[in-house]
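J.: can you look at this prediction? I've put the sequence above it.
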Amino acid sequence: MEDAVLRPFHPDDAAWLVEQHGLLYARDEGFDDSFAPLVASILDDFIANSDPELERGWIAEQDGQRLGSIFCVAVDRNTAKLRLFLLVPKARGLGLGKRLLQACTAFARGAGYKEMVLWTHESHTAACALYKASGWELTDSKAVHSFGVDLVEQSWKIRL
């Protein structure tokens, strides 16, 4: 996926992101229909309130087709949060996730954040392996029932 480009998120990408999160998480994880509205509310908040100096979203695309996303949002002035990291199945395992993660953490570092955190699920083995290989540290893991399924929630962080 060397020829894929990373471009800034635009508000007209939101519907695609909500749809992809809903479809892929239902198919791959068995999530119920409460997940897509959560993604929509995260994006609505980002569109309405993000500070472009401290927060940013990227869309990966190739030949005009969207392939994935990643977002950096502020928790506070010292901590950024990685959100909405997604790759469509055909774009997985080709290095594009690593490019997105590197762009996001480089932005957070450049914006002056001291650390970055994220929340995910243990079942996302490829993403978790990428986080670990990139220097992220698993800080918490717990069993939960969310989005209609039993999951193991994970929290990760990295010092920037």
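T.: Done, it's in.
J.: the residue nearest the centre of the chain and S123: what is the separation?
T.: Centroid check for the chain by C-alpha atoms, centre = their mean gives F85 as the closest residue, at 2.0 Å. F85 sits at a distance of 14 Å from S123 (criterion: C-beta to C-beta, to the nearest Å). All C-beta spots, glycine's among them, are computed from the backbone N, C-alpha and C.
J.: ok, back up a step: tell me the contacts of the residue nearest to the centre of the chain?
T.: F85 is in contact with 68-71, 97, 100-101, 104, 118, 127, counting by C-beta atoms under 8 Å, 6 or more residues apart in numbering.
J.: one more pass at 6 Å, please.
T.: I70 (C-beta atoms under 6 Å, 6 or more residues apart in numbering).
J.: any idea how far the helix or strand containing D140 is from the middle of the chain?
T.: Applying DSSP states H and E as the criterion places D140 in strand 137-146. In terms of C-alpha atoms, centre = their mean, to the nearest Å, the gap separating the centre of strand 137-146 from the centre of its chain is 17 Å.
J.: need the contact partners of that strand.
T.: By C-beta under 6 Å, 6+ apart, strand 137-146 touches 151-157.
J.: lowest-confidence entry in these?
T.: Looking at the contacts of strand 137-146 by pLDDT, the weakest one is L151, with 83.
J.: state the distance from it to V5.
T.: L151 is 33 Å from V5, by C-beta to C-beta.
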